[in-house]
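# sequence below, structure please.
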Amino acid sequence: MIPASPVSDAQIAALTAKGDWNQVGDLLEGTFVFASYGAALDFVVAVAAIAEDQNHHPEITLGFDRVSVRVSTHETHSITARDLYFVDAVSELR
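Numbers count the residues shown, from 1 in each chain. A predicted model of the protein is given here:
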């Protein structure tokens, strides 16, 4: 398992500069838009598989053509290396 070590503001800024993810307080939120509900649902299933594999579970909101994924390390109430590892894996799905 990836350690829950804190990350720097520069690491978070580098991630958010890519466009899909934003920092919202002590968590990272990604919003992804799809051509259909089915495509959005397939993405949710793939994110859930990553979450299970990493034992790091985000909050996922499924809409008609978009998915919101929110993640943070609850035990530290901060963004950690574990979150960045998760976000990288989710971003690879696109």
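
# what pLDDT is listed against D88?
You'll see D88 listed with a pLDDT of 95.

# what of V44?
98.

# my guess is it contacts V67, does it?
Yes - contact criterion C-beta atoms under 8 Å: V44 and V67 qualify, at 5.8 Å. Using the backbone N, CA and C atoms, a C-beta is placed for each residue, glycine as well.

# what residues are shared contacts of those two?
Residues within reach of V44 and of V67 at once, by C-beta atoms under 8 Å, 6 or more residues apart in numbering, are I60.

# between these two, which has more neighbouring residues?
Set side by side, V44 and V67 show more neighbours around V67, with 21 against 15, by other C-beta atoms under 10 Å.

# and A46, how far from T76?
A46 is 26 Å from T76, where distance means C-beta to C-beta, to the nearest Å.

# one more: A51?
Separation of A51 from T76 (C-beta to C-beta) stands at 18 Å.

# more crowded one of the two?
When neighbours are counted by other C-beta under 10 Å, A51 and T76 differ, and A51 comes out ahead with 18 against 14.

# the closest residue to the more buried one other than its chain neighbours: how many residues sit nearby?
Of all residues not flanking A51 in the chain, H57 sits nearest, at 4.7 Å (C-beta to C-beta, 6 or more residues apart in numbering). The number of residues packed near H57 is 14, by other C-beta under 10 Å.

# ditto for A81
15.

# ok, now V87?
Neighbours of V87 under the rule other C-beta under 10 Å: 23.

# V33 now?
When neighbours are defined as other C-beta under 10 Å, V33 has 10 of them.

# quick one, what contacts V33?
Taking C-beta under 8 Å, 6+ apart, one finds 65-66 in contact with V33.

# measure it to D65 for me?
In this view, V33 and D65 are 6 Å apart by C-beta to C-beta.

# likewise D20?
The value you get for D20 to D65, if C-beta to C-beta is used, is 15 Å.
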